[in-house]
Every structure is written in structure tokens, then in C-alpha cells.
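Q: let me see the structure of the following:
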Amino acid sequence: MSKRILVVDDERMITTTLSTLIQTVLKHNVTAFNDPVLALESEELERQQVDLIISDFMMPGMNGLEFFKNVKKKSPNTVSILLTGYADKENAIKSINEVGLYYYLEKPWDNGSLIKIVQNGLDKKELSDSLAQKYQELRESNREIARLYELLKMDFQQEVDNVKSLIISLANVIEAKDKYTDGHTRRVGIISKEIALKMGMSLEKANHVEMAGIIHDIGKVGVSEMILNKTGKLTEEEFEIMKRHTIVGETICKPLNCLQGCLDAVRHHHEKLNGTGYPDGLSGDEITLESRILAVADIFDALYSQRPYRDKLSLEKARQILLEDTERGCLDKVVVKTFFDLLDKDQLTDIIGH
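A: Take a look at the predicted model:
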């Protein structure tokens, strides 16, 4: 593709010679100027349509160094070649750093060398333009990727919010069946998250623990209200039915991908470290930290709430029972201590009240 070249020299013979040489050998478009001021005001330069400029150093009114400084402001990517006499060689070398000069030629020049330098300069310009275009395309591509990512993130967050709303609705169904557990699941979720964060768990995992707390009793949807609201002690048969809510809860939640991180805690929040819990009789390290946290939050809120078979216990009594369960090897000591630290620093007051 034909390139646009400017030749600037106050001597008409030099501009004519150079223009003819370049047009004949390289077949590019050449415009000659005998006044650097007119060259700076040219339409091609104003529109940054000039690929390469050859300029003399010694010219009246403006030398080549000053000329190229002004060119740089208008068309920073134009390749610059300076023609200079031997006496001005030092200034030519100085201009390489000052104006980003591509090359300088001493007069008289060798035609073969000049053509080679011009062609190399044009190749450099083409490569530079190509890289700049690819960089711009990459930036635009990155902006598009970022835009799509934000849209996906918004869609994902919307899905998470929708699922969370569904979960809370399901939890409300359980609480509607069990008149003594109003707000229980939400409190357990928040308490569990606070414990998890204080123990150094990542926010993502802590959110899973909170979600598990909200849905941990979802399996009670399959338990009759007669059992849920029974004022006396459950029979052995009734207790076996009640214990199955952990398995039913896991089954209900398993099809939802966003709840996979909650399944273990939903199933195992009634397991005990000494192996006396249900439904799988797990013990020790077989019980995940998430399940251990949820167990403490669940037991505390049950003790500190009104129940069909007893009145709400005092905070001191609830703490005492948690300590006794810990000493019997049922609950995790670190989790219980972390929970007590939160209580002592009044970080759960807004959740549990006084």
C-alpha cells in the first residue's frame, strides 16, 4: 500500500531530487515543502496521515530539530529522518533523544542507503501501527469481556438473591408449622456466620454456613405439626421421625447447585463429637467445622427461645448447658469459646437480644 512521505528542505533542488528518487524507486506518494512552517500547516500532517518525513537540519526561520519537535506534537507516530551536514552531526545525534529521531543522514547522501533507510523506517511505522491497532483491539476486547463479566456477575447475584429468597420462604414454611420457632432459622444462620468469620473462615464459606443455618431445619416440612408442637416428651417412635429431618433436608437441597456447600451442615448439624449424634453417628474429625459451628448456634438458640416443652432459659443457664455439653465431648471447644467471646463482646446483641 502506498505511503505518504513529506520532504522538507529550503533548497528546491534537494526536495525535487529526493521526491523523484523516492517516487521512482519506492512508488510512494511524496509531497515537497521548501518552508517548514508550511509543512507543519499541511492538511496531511494535521490529520496525522504522514508516515515519514525527511527534513533538512539547517533551514531559515526554523531548524530541523525545532521542526520535528512540532511534528511530534501533531503526529507522534510519524517517522523522522534528518538530513545534516558534517558540521551539524553533533546536533543531529542530540536530536535522536530529544525528538525521537529515527535516523540522520549526512550530506551528500548515498541514494541506495537513503532508499534502504526510508524503507526500513516505513516498515517500522507499519509494524508500530499494527501493534497499536492490535493493542487497541485488545483493550476493546478486554472492555467487552469486563462488560460481559459485570453482566454475568449481576445475573449470578440475581440468581443467588432469588435462591436466597426461595430458601427464606421455605424456612418460613417450617416456622409457620412450628409456632415456637419464629425467627429461629434466621438467628441460627447469622450466629453461625459470625462464629465462622471470627474463626478465620473465608467470606464465601461463612456465607455457606449462614445459608445452611437458614435451611438447616427445612426437612421438618415432612414432620407432622403434632410432633413439632408437642408439649410433652417425644416417644421413641416420634423422635425417630424427628431425626429424619436432617436427611430429608439434605435431599430437598441437593438438586440446587448453589446449595452444594450447605449440604453437609444441613445433614450433620445434630452430630456429636463423641459419636452420640444423628443421623450418621459421626465422631471427631469426621464432623466438618461447618457442622460443628451450626450445632453450637442451633443448640444455643433452642435453649434461649420459648419451646413447647419448656420456657426460654436465661443466658447464663444456656451458657452453662453449652459448657456441660462441651465437657461431655459433644461440642467443639474452640467453636464454643469463639461463640462465648462474641457474647462477651456484645457482638450478638442485635441478633439474640438481652
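
Q: contacts and neighbour counts: CA atoms only from here.
A: Noted.

Q: residues in contact with residue 285?
A: Shown in contact with residue 285 (CA atoms under 8 Å, 6 or more residues apart in numbering): residue 273.

Q: just give me the neighbour total for residue 290.
A: By the measure other CA atoms under 10 Å, the count of residues near residue 290 is 27.

Q: which is the next helix or strand following the helix or strand encompassing it?
A: Counting by DSSP states H and E, the element that carries residue 290 is helix 289-303. Next helix or strand after helix 289-303 toward the C-terminus (DSSP H and E): helix 315-327.

Q: got the angle between that next one and helix 289-303?
A: Computed with axes from the mean of the first three to the mean of the last three CA atoms, to 10 degrees, the direction of helix 315-327 lies at 140 degrees from that of helix 289-303.

Q: just the CA coordinates for the helix holding residue 290, please, in PDB.
A: Provided in PDB are the C-alpha atoms of helix 289-303 (Å, rounded to 0.1, in the frame of the first residue of the first chain):
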ATOM      1  CA  LEU A 289     -16.100 -27.400  61.100                       C
ATOM      2  CA  GLU A 290     -19.200 -26.000  59.300                       C
ATOM      3  CA  SER A 291     -21.400 -28.700  61.000                       C
ATOM      4  CA  ARG A 292     -19.800 -28.100  64.400                       C
ATOM      5  CA  ILE A 293     -20.400 -24.300  64.200                       C
ATOM      6  CA  LEU A 294     -24.000 -24.800  63.100                       C
ATOM      7  CA  ALA A 295     -24.600 -27.300  66.000                       C
ATOM      8  CA  VAL A 296     -23.500 -24.700  68.600                       C
ATOM      9  CA  ALA A 297     -25.600 -22.000  67.100                       C
ATOM     10  CA  ASP A 298     -28.600 -24.200  66.800                       C
ATOM     11  CA  ILE A 299     -28.400 -25.600  70.400                       C
ATOM     12  CA  PHE A 300     -27.900 -22.100  71.900                       C
ATOM     13  CA  ASP A 301     -30.900 -20.600  70.100                       C
ATOM     14  CA  ALA A 302     -33.100 -23.500  71.000                       C
ATOM     15  CA  LEU A 303     -32.100 -23.100  74.700                       C
END
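
Q: need the residues that contact it.
A: 184, 187-189, 191-192, 195-196, 209, 212-213, 264-266, 268-271, 312-313, 318-319, 322, 331-332, 335-336.

Q: okay then, goodbye and thanks.
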